[in-house]
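S.K.: fold the stuff below for me.
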Amino acid sequence: MQQRLNSRTAYARREGGPTIHRRLETENLSSKVERAIIIQVEAFDWNCSQYIVPRFSEQEVRDLLQPFKQRIDELETRIRNQESRTENPRVIK
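M.R.: From the prediction side, this is the model:
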């Protein structure tokens, strides 16, 4: 699920007006609240992922990844060739 918020925020320091800070403090809190961010939500919306259309199909993703997979294969082959010339080869699956 995706949720969007449209809001305005205000930063309140304790020196500027301790009233909001006193409201945030509880008996269980051993220290004083020094800063507070006030968020005023002006609009909100959410979408269920069931109704979000994918940007790319599975085939498009495969096609986009193919050059990278090919390059990885080439590099692994180069490593194997290089290691076949050395005494301590690494294992590449």
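S.K.: point out where this structure drops to low pLDDT.
M.R.: 1, 16-18, 87-93 (pLDDT under 70).
S.K.: swap the cut-off to 50 and go again
M.R.: Using pLDDT under 50 as the threshold, the predicted model of the chain has no low-confidence range.
S.K.: domains of it?
M.R.: Residue ranges for the domains of the chain, per automatic domain parsing: 2-51, 56-93.
S.K.: any chance of the ones you listed in a markdown table, plus mean neighbour count?
M.R.: For glycine as for every other residue, the C-beta is placed from the backbone atoms N, C-alpha and C. What follows is these, written out as a markdown table (neighbours: other C-beta atoms under 10 Å):
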| stretch | mean neighbour count |
| --- | --- |
| domain 2-51 | 10 |
| domain 56-93 | 10 |
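S.K.: quick one, strands of this structure?
M.R.: Using DSSP state E, the strands found in the chain span residues 2-13, 35-47.
S.K.: from the contact counts, what lies against the shortest one?
M.R.: Strand 2-13 makes packing contacts with strand 35-47 when contacts are defined by 3 or more C-beta pairs under 8 Å, 6 or more residues apart in numbering; DSSP states H and E.
S.K.: for the strand it packs on, give me every contacting residue.
M.R.: Strand 35-47 is contacted from outside by 1-14, 20-21, 24, using C-beta atoms under 8 Å, 6 or more residues apart in numbering.
S.K.: same check, this time on stretch 59-71
M.R.: Phe56.
S.K.: ok now stretch 75-84, how far from the chain's centre?
M.R.: Using C-alpha atoms, centre = their mean, to the nearest Å, the mean C-alpha position of stretch 75-84 is found 35 Å from that of the whole chain.
S.K.: would you enumerate the residues in contact with Arg4?
M.R.: For Arg4, the set of contacting residues under the criterion of C-beta under 8 Å, 6+ apart consists of Phe44, Asp45, Trp46.
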